[in-house]
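**Q** sharing a model that was predicted from the sequence below.
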Amino acid sequence: MSPFFVMSLLFGLTVCQTASLCAPSEYIIHVEKRECAYCLAINTTICAGFCMTRDSNGKKLLLKSALSQNVCTYKEMLYQTALIPGCPRHTIPYYSYPVAVSCKCGKCNTDYSDCVNEKVRTNYCTKPQKLCNM
């Protein structure tokens, strides 16, 4: 192999490692309460993208700490609150949700992230929809 090819390959691998494609991404959350007349569609940002992970084929030879798989997760976030329209007086009509300010590749923290993607959960409305631009 030529030295130029080897240097190009090493440079490419280094850039791929540091330039993971984990970033805030636009997302619509659909929120409804049984007591309220409307479903609220909220435009927000979540962390989404690709993070480099390690191949765990040698898991019997490695420590458990070396086997962690990185996910795209929140680095900075803030919470905003929206008002769900059409709620009766006795119902609390507010819904608070996270907004991704910045993201990072790291271990999934179950304190503030859903680390499991369940196929049965869907993101849609069963009631008339109102759009909330935050």
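**A** Good, I have the coordinates.

**Q** mind telling me what element residue 86 is part of?
**A** Here residue 86 is covered by no helix or strand, with elements defined by DSSP states H and E.

**Q** hmm, it is touching residue 39, no?
**A** No: taking C-beta atoms under 8 Å as the contact criterion, residue 86 and residue 39 are not neighbours in contact, 9.4 Å apart. From N, CA and C alone the C-beta is placed, and that goes for glycine too.

**Q** the chain: helices as residue ranges?
**A** Assigned by DSSP state H, the chain shows helices spanning 3-18.

**Q** any weak-confidence spans in this structure?
**A** Regions of the chain meeting the criterion pLDDT under 70 cover residues 1-20, 54-68, 112-122, 130-134.

**Q** do that again at 90, thanks
**A** Counting by pLDDT under 90, the chain contains low-confidence residues at 1-21, 29-33, 39-41, 50-71, 73-74, 85, 106-134.

**Q** so where do the strands sit in it?
**A** 22-32, 39-49, 71-83, 94-106, 129-133 (DSSP state E).

**Q** return the most buried member of these.
**A** strand 39-49 (a mean of 18; mean count of other C-beta atoms under 10 Å).

**Q** on contacts alone, who are the packing partners of that strand?
**A** Applying 3 or more C-beta pairs under 8 Å, 6 or more residues apart in numbering; DSSP states H and E, one finds that strand 39-49 contacts strand 22-32, strand 71-83, strand 94-106, strand 129-133.

**Q** Provide the strand pairings for it, with the direction of each partner.
**A** Each strand that strand 39-49 pairs with, and the sense of that pairing, follows from DSSP bridges: strand 22-32 (antiparallel), strand 129-133 (parallel).

**Q** those strands: which one's closest to residue 77?
**A** Evaluated over the strands paired with strand 39-49, closeness to residue 77 peaks at strand 22-32, with 9.3 Å, by C-beta to C-beta.

**Q** okay, the strands of the chain in a markdown table with distance to residue 123 next?
**A** Compiled in a markdown table, the strands of the chain are given as follows (distance: least, C-beta to C-beta, whole Å):
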| stretch | distance to residue 123 |
| --- | --- |
| strand 22-32 | 5 |
| strand 39-49 | 10 |
| strand 71-83 | 15 |
| strand 94-106 | 12 |
| strand 129-133 | 12 |
